[in-house]
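Chemist: Next input, structure requested:
(chains A and B)
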Amino acid sequence: MDLGYTDEQKAFRDEVRAFLNDKLPKRLSDKVAGGKRLTKEDYEDWHAILNDRGWLGVNWPKEHGGTGWDAVQRHIFEEETTKAHAPRIVPFGLAMLGPVLMAFGSDAQKAHYLPRILNGDDWWCQGYSEPGAGSDLANVQTMAVRDGDDYIVNGQKTWTTLGQHANWIFCLVRTSKEGKRQEGISFLLIDMNTPGIEVRPIVLIDGEPEVNEVWFKDVRVPVGNLVGEENKGWTYAKYLLTHERTNIAGVGFARAGLSALKRIAGGQMEHGKPLIENPFFAAKVAQVEIDLMAMATTNLRTISAAAEGQAPGAESSMLKVKGTIIRQEINALTKQAVGPFAAPFISEALDEGSNVEPVGPDAAMPATQAYFNNRKLSIYGGSNEVQRAIISKTILEL
Amino acid sequence: MDFNLTEERQMLQDGLRRYLADATDHDKIAATTDGPTGLDTPLWDALTEMGLPGAMFTEDQGGFGGAGFDIMVVAEELGRAGLPTPLIDSALLSGTVIAQTRPDLVEDLVAGRILGFAHAEAGARYDLSHVTTRAERTADGWRITGTKSLVQFALAADGFVVSARTSGDVTSQDGISLFLVPGDQVTLRDYPLNGGGRAAEMTIDATLPENALLGEAGTAYTLLDTAHARATAAQCAEALGLMETIKTLTVEYLQQRKQFGQPIGKFQALQHRMADVLIEIEQARSSVINLCGNLDQPERDLHVSATKNLIGRAARLVVEESIQMHGGIGMTQEYALGHFAKRLSMIDHRFGDVDHHLERFIRLSMARAA
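Modeler: All right, here's what the predicted structure looks like:
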């Protein structure tokens, strides 16, 4: 047993650090560190910088223009980019759809869509959840009915993250009502500019229109946009979800959050002393740090097993539950740290160049926003209740 | 022993609950928060008519209540409706000061006049004695200079009770004085608050007559402490009302929302957690009763800290569990829960958070034992 990185892995880490030092624009890292709003262009700029270096397809094999990195390298990359306050890589095309196309798409689909994802020609969003299909995803009701060379799609998707920026959506649609619910689902690629699609933003409790509802009314989709076989979409959906769960522990985010928490609590004075020296507060920060140290190793154990070729199963559910609890605790403590100034919400102050100043410490408003926004962590991607059910069924066999 | 409300309080509670159920909702509150002053003036006038500020003062002072349980009844209903009002700032914070120092003005407050309360400062966190704003004597009065933070409903107020230091160090309990400052003597930068309502940063450079001083110079700390105890009682009762509404919304959702072919409330994992939420809300209610029953008793401060700590802990549980059990819909601004959860979550950020009051409770509790 050896807890450290190999020399090779350390060299890789240094390479990533040097790249970030050299290529990550300060404008972007300042925005991320300061909790400012990121625009579509901000994400696209960062994607382009990574793509130039060949580092955008983080979990893609080399043959498709990806990095070909193993699980440990991906972990190092995630850790370093988060620490450097790089924007996150928007996952829908890169982390989610890409691997599905590589595994199940036709040669024509691979040749057409994969390069476009890397080049930033397409912004994909995810059409999974519906009003009646949340945790119970197999309940999708959006219908796709075959009509000549097209499917005609009717229904509604929801919680479509950053769908306002997207020109393509990959959807789970129902193509059959026969047999088991899981056996009538297909995986369909839909051009968002097709007539009959309407996107409506949903403002979340942090005031941001991060997600959307997407309506489909008699939307004609060419049959060629079906991925794999009709009625086999559930298999592909599950495959995608295992990729969605890569880095599900969010160790990098948690570490970045913890160091921000310590910095913020070090700058907040209470009775003439920094808050971080208040034993009541310090104890809570220490508890979460202790939890994070252990969870980081749980994460590495899983990654290491994955690098040796073992597919992560219910372990990722464990990481999801513990990882989100830790990140949400860090968010709660950060909100507590900023004290009375958690209350003001001046939306314009989050826009670059608005010249509207926040009130109180700069960290205050983003702290409150992050606390509310990250309540989603334990809800999305399979709620923590669903993850616990997976653990009790798969690992405990209860 | 009797845990029932008096007939008058019961009537006030029933009347308020009925009225507020019709008069407001989270959409109207959001629109008001985005409006110019953060105050729905017709609604405040109607509540004044129903006796809201009046119930915060004793008959001797010119009101018809003033006890802890009057505060509890009113504030809980405001919480149940999720409604931000100037009640805490004008009738309880400024009102407690005014009743002691300028009894002639209580009549105006009972009639709905809004006097803002400008005490908090940027570096104070929850330290009640932290005052850097200065007041200096001039030939014929006072000159006050400084900045105040998070002055609630500032643009709806026509005057302010302002704390300023006439002597002593920044955090000294001695040397704090209170002044009545007209609204036109201050500069405001106002902004909306999470959970509704508006507040402002206030810059003061005011020249005031001799009689602007409220009470004696340099001795205001005790009065500030009393005002904050009363305001904290109201805020805790408001939190309780918020919790009750959140509980109702969440239980309804558990009954209605179907996944995997049944209402999610049929899943035992959620049943047990909702049961825990209920237990903590009942604990919160008992704690608020403890505080309101002791508001004029020697152990007031011990109860202030016990209750504020418990409410802070219960609030976090209720906020986080209710959002979690709602799933995505609980994350949206459109659905009512978000407003109530945010408002409840902000309770811990005023008048001292869980740690502030835990520390204070330990200190007071040890002093009592000694």
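
Chemist: Show me the residue at the heart of the chain, geometrically.
Modeler: No chain specified, so I'll use chain A. Nearest to the mean C-alpha position of chain A, counting by CA atoms, centre = their mean, stands A:Pro91 at 5.7 Å.

Chemist: That was the other one, I meant chain B.
Modeler: In chain B, the centroid-proximal residue (CA atoms, centre = their mean) is B:Gln235; its distance is 3.8 Å.

Chemist: That one touches B:Asp89, doesn't it?
Modeler: No. At 10.8 Å, B:Gln235 does not count as touching B:Asp89 under the criterion of CB atoms under 8 Å. (Glycine included, C-beta is placed from N, CA and C.)

Chemist: Buried residues of the helix or strand containing A:Asp52, list them for me.
Modeler: If you go by DSSP states H and E, A:Asp52 is part of helix A:40-53. By neighbour count on 16 or more other CB atoms under 10 Å in any protein chain shown, the buried set for helix A:40-53 is A:Asp42, A:Tyr43, A:Asp45, A:Trp46, A:His47, A:Ile49, A:Leu50, A:Asn51.

Chemist: A:Val90 is in contact with the first one, correct?
Modeler: No. Counting by CB under 8 Å, A:Asp42 sits too far from A:Val90 to count as a contact (10.5 Å).

Chemist: that older thread, how near is the residue nearest to the centre of chain A to A:Ser29?
Modeler: Using CB to CB, to the nearest Å, we find A:Pro91 at a distance of 20 Å from A:Ser29.

Chemist: likewise A:Val214?
Modeler: Taking CB to CB, one finds A:Val214 at 32 Å from A:Ser29.

Chemist: Of these two, which one has the most company?
Modeler: Of the pair A:Val214 and A:Ser29, A:Val214 is the one with more neighbours under other CB atoms under 10 Å in any protein chain shown, namely 24 against 17.

Chemist: Surely that one is in a strand?
Modeler: Yes. Counting by DSSP: H, G, I helix; E, B strand; the rest coil, A:Val214 falls inside a strand.

Chemist: Tell me if I'm right that it and A:Pro201 touch.
Modeler: No. Contact criterion CB under 8 Å: A:Val214 and A:Pro201 do not qualify, at 10.6 Å.

Chemist: Name the nearest of the buried residues of helix A:40-53 relative to A:Lys157.
Modeler: Relative to A:Lys157, the closest of those is A:Tyr43; by CB to CB it sits at 21.1 Å.

Chemist: quick one: that closest one and A:Val90 touch, right?
Modeler: Yes. At 5.4 Å, A:Tyr43 and A:Val90 qualify as touching, with contact defined as CB under 8 Å.

Chemist: Chain A: helices as residue ranges?
Modeler: Under the criterion DSSP state H, chain A contains helices at A:7-23, A:26-33, A:40-53, A:71-83, A:91, A:98-104, A:107-119, A:233-244, A:251-267, A:279-307, A:315-337, A:364-373, A:384-390.

Chemist: Which of those helices comes out lowest on mean pLDDT?
Modeler: The weakest mean pLDDT among these belongs to helix A:233-244, with a mean of 83.

Chemist: Tell me if it is near chain B.
Modeler: No. Helix A:233-244 lies apart from chain B when judged by CB under 8 Å from any CB of the partner chain; the minimum separation is 15.3 Å.

Chemist: what's the angle between that helix and helix A:315-337?
Modeler: When axes from the mean of the first three to the mean of the last three CA atoms, to 10 degrees is applied, the directions of helix A:233-244 and helix A:315-337 differ by 50 degrees.

Chemist: Report all helices and strands that helix A:233-244 contacts.
Modeler: helix A:98-104, strand A:168-174, strand A:185-191 (3 or more CB pairs under 8 Å, 6 or more residues apart in numbering or on different chains; DSSP states H and E).

Chemist: In TSV, list the ones you listed along with distance to chain B.
Modeler: As requested, the helices and strands packed on helix A:233-244 are arranged in TSV below (distance: least, CB to the nearest CB, whole Å):
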stretch	distance to chain B
helix A:98-104	23
strand A:168-174	16
strand A:185-191	16
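
Chemist: now the ones you listed as a markdown table including mean neighbour count and distance to B:Thr245?
Modeler: Output for the helices and strands packed on helix A:233-244, formatted as a markdown table (neighbours: other CB atoms under 10 Å in any protein chain shown; distance: least, CB to CB, whole Å):
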| stretch | mean neighbour count | distance to B:Thr245 |
| --- | --- | --- |
| helix A:98-104 | 21 | 43 |
| strand A:168-174 | 25 | 36 |
| strand A:185-191 | 24 | 38 |
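
Chemist: export those to TSV and tack on distance to B:Met202?
Modeler: As requested, these are arranged in TSV below (distance: least, CB to CB, whole Å):
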stretch	distance to B:Met202
helix A:98-104	54
strand A:168-174	49
strand A:185-191	54
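
Chemist: quick one: which of these is nearest A:Val251?
Modeler: Short answer: helix A:98-104, nearest of the helices and strands packed on helix A:233-244 by CB to CB, at 21.1 Å.

Chemist: Give me the contact list for that closest one.
Modeler: Outside of helix A:98-104, the residues within contact range by CB atoms under 8 Å, 6 or more residues apart in numbering or on different chains are A:57, A:59-61, A:64, A:66, A:109-110, A:113-114, A:117, A:170, A:187, A:227-228, A:235-236, A:239-240, A:243.

Chemist: Now, of these, which are buried?
Modeler: A:57, A:59-60, A:64, A:66, A:109-110, A:113-114, A:117, A:170, A:187, A:227-228, A:235-236, A:239-240, A:243.

Chemist: Run through the residues of the stretch 151-300 of chain A sitting next to chain B.
Modeler: A:158-159, A:202-205, A:207, A:211, A:268-272, A:275, A:278, A:280-281.

Chemist: B:Asp2 should be in a helix, yeah?
Modeler: No. Using three-state DSSP, the assignment for B:Asp2 is coil, not a helix.

Chemist: Is the closest residue in space to B:Ala164 that isn't next to it in sequence part of a helix or strand, or is it coil?
Modeler: Nearest non-adjacent residue to B:Ala164, counting by CB to CB, 6 or more residues apart in numbering or on different chains: B:Ala135, 3.7 Å away. Counting by three-state DSSP, the backbone at B:Ala135 sits in strand.

Chemist: What are the boundaries of the helices in the stretch 201-350 of chain B?
Modeler: B:221-256, B:268-293, B:300-326, B:336-346 (DSSP state H, counting those that start in this stretch).

Chemist: can you redo those as a markdown table with mean pLDDT?
Modeler: A markdown table is the format used below for those (pLDDT from 0 to 100):
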| stretch | mean pLDDT |
| --- | --- |
| helix B:221-256 | 98 |
| helix B:268-293 | 98 |
| helix B:300-326 | 98 |
| helix B:336-346 | 98 |
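
Chemist: and these as JSON lines, adding distance to chain A?
Modeler: Listed next are these as JSON lines, based on distance: least, CB to the nearest CB, whole Å:
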{"stretch": "helix B:221-256", "distance to chain A": "12"}
{"stretch": "helix B:268-293", "distance to chain A": "6"}
{"stretch": "helix B:300-326", "distance to chain A": "5"}
{"stretch": "helix B:336-346", "distance to chain A": "4"}
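
Chemist: Please identify the deepest-packed of the ones you listed.
Modeler: Highest mean neighbour count of these: helix B:336-346, a mean of 25 (counted as mean count of other CB atoms under 10 Å in any protein chain shown).

Chemist: Can you name every helix or strand that it contacts?
Modeler: Applying 3+ CB pairs under 8 Å, 6+ apart, we find helix B:336-346 packed against helix A:364-373, helix B:26-34, helix B:221-256, helix B:300-326.

Chemist: Redo these as CSV? Include distance to A:Arg220.
Modeler: Putting these into CSV (distance: least, CB to CB, whole Å) gives the following:
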stretch, distance to A:Arg220
helix A:364-373, 36
helix B:26-34, 37
helix B:221-256, 35
helix B:300-326, 36
